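Colleague: Sequence plus predicted model, see below.
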Amino acid sequence: MRIVIGQGSCGIAAGAEKVKNALEKVNISCDVSITGCIGMCYLEPIVDVYDDENNLTRLVKVGENDAEAIADFVNNGNKEAVSKLIVSDEDNEFLAKQTRIALRNCGVINPDEIEAYIGADGYTALKKAVCEMSPEDVIEVIKTSGLAGRGGAGFPTWFKWNAARQSEGEEKYLICNADEGDPGAFMDRAVIESDPHNLIEGMLIGAYAIGAKHAVVYVRAEYPLAIKRLKRAIKQAEEKGIIGNNIFGTDFSCDFYIKAGAGAFVCGEETALIESLEGHRGMPRLKPPFPAQSGFWRKPSNINNVETFANVGWIINNGGEAFAAMGTEGSKGTKVFAVTGKVKRSGLVEIPMGKTLRDVIFDIGGGMKTDKEFKAVQMGGPSGGCIPADLIDTVIDYKALGATGAIMGSGGMVVMDESTCMVGMAKFFLDFTAKESCGKCIHCRIGTKRMLEMLERITKGEGKEGDIELLEELCYSIKDGALCGLGQTAPNPVLTTIKYFRNEYEAHIKDKKCPAGECSDLIEYRIIEDKCRGCTLCARNCPVDAISGEVKKPHKIDTQKCIKCGKCYTSCKFDAIVRE
């Protein structure tokens, strides 16, 4: 038997390190090793127990106090000892209903050991590419697959590779954009933490295809575990001759190194990323020339994101046709999403393109976490848009999502229920993009700031007639005038919330009310005297002593003192407090 403990960032944050330490202290008759994130983040910490025939018993929400029970199960076969920890059939559906290519090894193999990756057919695709295929053959297979860039733009991968391949010059660079900056997105982080050799293999194949001798991973400095595991993987691959000179005995050579970025969202734009790589402030360049002609150090360069490279090895081994057989006519293969928000099963989901939002949110994600109704889903992060409940059957592909006003983006999917204020949601994302603007162009630097100021006024009850129309005018001006993708897409959350939830904007402006009850400046708490029992629970929970009254007599709220934190509302057991 063997025990494998999930040690992705989500698992560690939930206490997986403590669980591992506890298991190593008890008398247990098998090895204890680690793996990365399986994607079931809502069930962490996760401990997988494999018997001698490799049958799996998955234990979830494990605590350090469960170590003795697990030892009893492993040593004595006492399954009853861990019965309360065994994953339910319902939760097993979370993985069973997915199709995993980019995530195929995540949560399965040990990310710290190259032998584990090799044992899962690792580096066979690289060997096949450099020993049996020409660079043009590799590009043709990627073209057949229909693989599009998974960083958000959805640009054909083969086209970018071919452009860099055909560019003149001996010195070329292949760059991985791991600067994952969308709030709520963690797809790239999970792949690097859980399967770093898959990224390395995909990048080396890409480097071979374009003729690059240098491969660079630009990764967020806020991802220390990902960087640590990637560094270890690079060292292991170098020791085996997989990175370096004359790879697999051929004349293909490629070195590999990491650049930790300072966390600027604008560096998700490829020319801004290149500027940062060169040691400059991350600001986009004018295009053309494109990076394929003049990129890193003004040399031909190709940039793709982590998930794009994570598909490459599978495609080379299985053929472009196998990847293209999944998905829709214009969007091939699978896509990884980080599903977060008001959904029961939050985590990483990989599904074939062509599935619907309903499939992900309700079938795989289990629906709403609370008894409140599904209201909307934010797709594509700050550059995306909000899709309302009545479009829940929208097909997940680039064209269909674009038609709603949202975008695929890198794969962030934030689920919202009826308690979410859509004006507040637009303000949240615009606040992010306004702060992350590099300031190079006026439309983005000034325009997003003016829009944010208007949204702040509206959520405070200070909105005016004509504000909605002015917001729309500013949105289109910024989209048309901004220099790069950050500014051009920054208005999307505002435009989609106005399009689908205009009534909420009007309620904030005309009625000075927040229909969702989320904007604190537009909320007032009141005690209904007939229902109040005078239990004093609300007064004891109020952090500012805004509630007064005698025991067993109706209480009152001093609206001047009230900070609208809602603690009285949530603590009242008699429904005597209303939020208006």
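Modeller: Looks like it arrived, so ask away.

Colleague: I'd like the mean pLDDT over the top helix by length along the chain, please.
Modeller: Criterion DSSP state H: the longest helix present in the chain is helix 442-459. Here helix 442-459 scores 96 as its mean pLDDT.

Colleague: so who does V74 touch?
Modeller: 1, 3, 28-30, 49 (C-beta atoms under 8 Å, 6 or more residues apart in numbering). C-betas here are computed from N, CA, C, even on glycine.

Colleague: what about the nearest residue to H555 once chain neighbours are set aside, how many neighbours?
Modeller: Spatial nearest neighbour of H555, chain neighbours left out: G549 (3.1 Å); criterion: C-beta to C-beta, 6 or more residues apart in numbering. For G549, the neighbour count with other C-beta atoms under 10 Å is 17.

Colleague: and what of the one 4 residues further on?
Modeller: Look at K553: counted by other C-beta under 10 Å, it has 11 neighbours.

Colleague: Just to be sure, it is in a strand?
Modeller: No - K553: not assigned to a strand; according to DSSP: H, G, I helix; E, B strand; the rest coil it is coil.

Colleague: Closest to the centroid, which residue in this structure?
Modeller: Centre of the chain computed as the mean C-alpha position; nearest residue by C-alpha atoms, centre = their mean is A185, 1.9 Å away.

Colleague: thought that residue was touching S383?
Modeller: No - the pair A185 / S383 is not scored as a contact, 11.0 Å apart, by C-beta atoms under 8 Å.

Colleague: what touches both of the two?
Modeller: The contact lists of A185 and S383 share G409, where a contact means C-beta under 8 Å, 6+ apart.

Colleague: Now do the phi/psi pair for A153.
Modeller: As for A153, its main-chain torsions (degrees, to the nearest 10) stand at phi -80, psi -30.

Colleague: Give the closest residue to it in space, chain neighbours not counted.
Modeller: Spatial nearest neighbour of A153, chain neighbours left out: G485 (7.4 Å); criterion: C-beta to C-beta, 6+ apart.

Colleague: now do A310
Modeller: With C-beta to C-beta, 6+ apart, the residue lying closest to A310 is A102, at 3.9 Å.

Colleague: Next up, the contacts around the closest residue to G367 other than its chain neighbours.
Modeller: Excluding its sequence neighbours, the residue lying closest to G367 (C-beta to C-beta, 6+ apart) is K344, at 6.0 Å. Contact analysis of K344 by C-beta under 8 Å, 6+ apart lists 42, 365-369.

Colleague: How about Q98?
Modeller: By C-beta under 8 Å, 6+ apart, the neighbours of Q98 are 39, 349-351, 364.

Colleague: which element is it on?
Modeller: Assigned by DSSP states H and E, Q98 belongs to no helix or strand.

Colleague: separation between it and A325?
Modeller: 17 Å (C-beta to C-beta, to the nearest Å).

Colleague: Likewise for A71?
Modeller: Using C-beta to C-beta, A71 is found at 46 Å from A325.

Colleague: So for the two, which sits in the more crowded spot?
Modeller: A71 (22 against 14).

Colleague: Average pLDDT for the helix or strand encompassing that one, rounded please.
Modeller: Per DSSP H and E, A71 falls inside helix 67-76. Averaging pLDDT along helix 67-76 gives 94.

Colleague: got a list of contacts for whichever helix or strand comes after it?
Modeller: Remark: after helix 67-76, the chain's next helix or strand is helix 89-96, criterion DSSP H and E. Contact partners of helix 89-96, identified using C-beta under 8 Å, 6+ apart, comprise 38-40, 43, 58, 60, 345, 347, 349, 363-366.

Colleague: let's see it at 7 Å
Modeller: Residues outside helix 89-96 that contact it (C-beta atoms under 7 Å, 6 or more residues apart in numbering): 40, 43, 345, 364.

Colleague: What about the last one, how many residues nearby?
Modeller: Going back to what we said before, that points to I364. For I364, the count of nearby residues is 23 (other C-beta under 10 Å).

Colleague: Quick one: residues contacting it.
Modeller: 94, 97-98, 345, 349.

Colleague: Just the buried residues from the residues you listed, in ChimeraX please.
Modeller: ChimeraX command restricting the contacts of I364 to the buried ones, with burial defined by 16 or more other C-beta atoms under 10 Å:
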select :94,98,345,349
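
Colleague: So which of the contacts of I364 is the closest to C535?
Modeller: Within the contacts of I364, proximity to C535 (C-beta to C-beta) peaks at R345, which comes in at 36.8 Å.

Colleague: helix/strand/coil for that closest one?
Modeller: coil.

Colleague: How are the strands of the stretch 401-550 of the chain distributed by residue range?
Modeller: Counting by DSSP state E, counting those that start in this stretch, the segments of the stretch 401-550 of the chain that form strands are 412-417, 525-527, 547-548.

Colleague: On the pLDDT front, check T570 for me.
Modeller: Reported pLDDT for T570: 90.

Colleague: How many residues are close by it?
Modeller: Neighbour tally, T570, other C-beta under 10 Å: 10.

Colleague: what's near enough to touch it?
Modeller: By C-beta under 7 Å, 6+ apart, the contact set of T570 is empty.

Colleague: how close does it sit to I509?
Modeller: Here the distance between T570 and I509 works out to 29 Å (C-beta to C-beta).

Colleague: got it, and I258?
Modeller: For I258, the distance to I509 (C-beta to C-beta) stands at 49 Å.

Colleague: picking that back up, how about the contacts of K344 in JSON lines, adding distance to A178?
Modeller: Shown next, in JSON lines, are the contacts of K344 (distance: C-beta to C-beta, whole Å):
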{"residue": "Y42", "distance to A178": "24"}
{"residue": "G365", "distance to A178": "25"}
{"residue": "G366", "distance to A178": "30"}
{"residue": "G367", "distance to A178": "32"}
{"residue": "M368", "distance to A178": "32"}
{"residue": "K369", "distance to A178": "30"}
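
Colleague: Columns secondary structure, neighbour count and distance to S134 on top of those, output as TSV?
Modeller: Output for the contacts of K344, formatted as TSV (DSSP: H, G, I helix; E, B strand; the rest coil; neighbours: other C-beta atoms under 10 Å; distance: C-beta to C-beta, whole Å):
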residue	secondary structure	neighbour count	distance to S134
Y42	helix	21	46
G365	coil	26	43
G366	coil	18	47
G367	coil	15	50
M368	strand	20	52
K369	coil	16	52
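
Colleague: Out of these, the closest to C538 would be?
Modeller: Nearest member of the contacts of K344 to C538, counting by C-beta to C-beta, is K369, at 25.5 Å.

Colleague: ok, now which ones touch that closest one?
Modeller: The contact partners of K369, taken as C-beta under 7 Å, 6+ apart, are 342-344.

Colleague: try L401
Modeller: Contacts of L401 by C-beta under 7 Å, 6+ apart are 379, 394, 407-408.

Colleague: Just the buried ones from the residues you listed?
Modeller: Buried subset of these (neighbour count, 16+ other C-beta under 10 Å): 379, 394, 407-408.

Colleague: hey, where'd the helices end up in the stretch 251-400 of the chain?
Modeller: Taking DSSP state H, counting those that start in this stretch as the criterion, the stretch 251-400 of the chain contains helices spanning 270-277, 306-318, 320-324, 357-358, 398-404.

Colleague: Out of those helices, the one nearest E171 is which?
Modeller: Closest to E171 of these is helix 270-277 (C-beta to C-beta; 14.4 Å).

Colleague: Tell me which other helices or strands that closest one touches.
Modeller: Judged by 3 or more C-beta pairs under 7 Å, 6 or more residues apart in numbering; DSSP states H and E, the packing partners of helix 270-277 are strand 214-220, strand 301-305.

Colleague: The longest one - what's its average pLDDT?
Modeller: Which is strand 214-220. 96.

Colleague: What are the buried residues along the following helix or strand past it?
Modeller: Next helix or strand after strand 214-220 toward the C-terminus (DSSP H and E): helix 224-239. Going by neighbour count (16+ other C-beta under 10 Å), the buried part of helix 224-239 is 225-227, 229-230, 233-234, 236-237.
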